[in-house]
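**Student:** the following comprises the amino acid sequence and a computationally predicted model.
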Amino acid sequence: MEEKELMKILKAVANENRFTILKCLHKDKELSVGDLAEATDSPFRSVSRDLAVLRSAGLVQSKNHYSTRLYSINIPNFPEELLSFLKG
């Protein structure tokens, strides 16, 4: 992993709300923005912005399921060292 890519990942997970989002996705596998907003007790718009940062860092991916977009952890791009922090 290149240093620039690592810095982008570390900046993305350094935010408490984004880290909480990752923990929720690790636990539940796939969630919508609304589900994540409810789980983190955060505004929809804030969660949407945080997901954009996490997607930009390559940590989450999305797929369309009917009229809902579901987010999940992008396991192939997710550093193994960080996965252990999400389990707690």
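**Tutor:** Sure thing, it's come through.
**Student:** low pLDDT regions in the protein?
**Tutor:** 88 (pLDDT under 70).
**Student:** how close does the residue nearest to K87 when sequence neighbours are not counted sit to V60?
**Tutor:** Excluding its sequence neighbours, the residue lying closest to K87 (CB to CB, 6 or more residues apart in numbering) is H26, at 7.1 Å. Placement of C-beta: from N, CA and C, glycine included. H26 sits 11 Å away from V60, going by CB to CB, to the nearest Å.
**Student:** any common contacting residues for those two?
**Tutor:** The contact sets of H26 and V60 overlap at I73 (CB atoms under 8 Å, 6 or more residues apart in numbering).
**Student:** check which residues of the host helix or strand of the residue nearest to K87 are buried.
**Tutor:** Secondary structure from DSSP states H and E places H26 in helix 16-28. Neighbour-count burial for helix 16-28 flags 17-26 (criterion: 16 or more other CB atoms under 10 Å).
**Student:** swap in stretch 79-88?
**Tutor:** Buried residues in stretch 79-88 (16+ other CB under 10 Å): 82, 86.
**Student:** how about stretch 43-51?
**Tutor:** By 16+ other CB under 10 Å, the buried positions in stretch 43-51 come out as 47, 50-51.
**Student:** output it as PDB, nothing but the C-alphas.
**Tutor:** The C-alpha trace of stretch 43-51 is given here as PDB (Å, rounded to 0.1, in the frame of the first residue of the first chain):
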ATOM      1  CA  PRO A  43     -28.400  13.500  10.500                       C
ATOM      2  CA  PHE A  44     -29.000  11.800   7.100                       C
ATOM      3  CA  ARG A  45     -27.000  14.400   5.300                       C
ATOM      4  CA  SER A  46     -24.000  14.000   7.700                       C
ATOM      5  CA  VAL A  47     -24.000  10.200   7.200                       C
ATOM      6  CA  SER A  48     -24.200  10.600   3.500                       C
ATOM      7  CA  ARG A  49     -21.200  12.900   3.500                       C
ATOM      8  CA  ASP A  50     -19.300  10.500   5.700                       C
ATOM      9  CA  LEU A  51     -20.100   7.600   3.400                       C
END
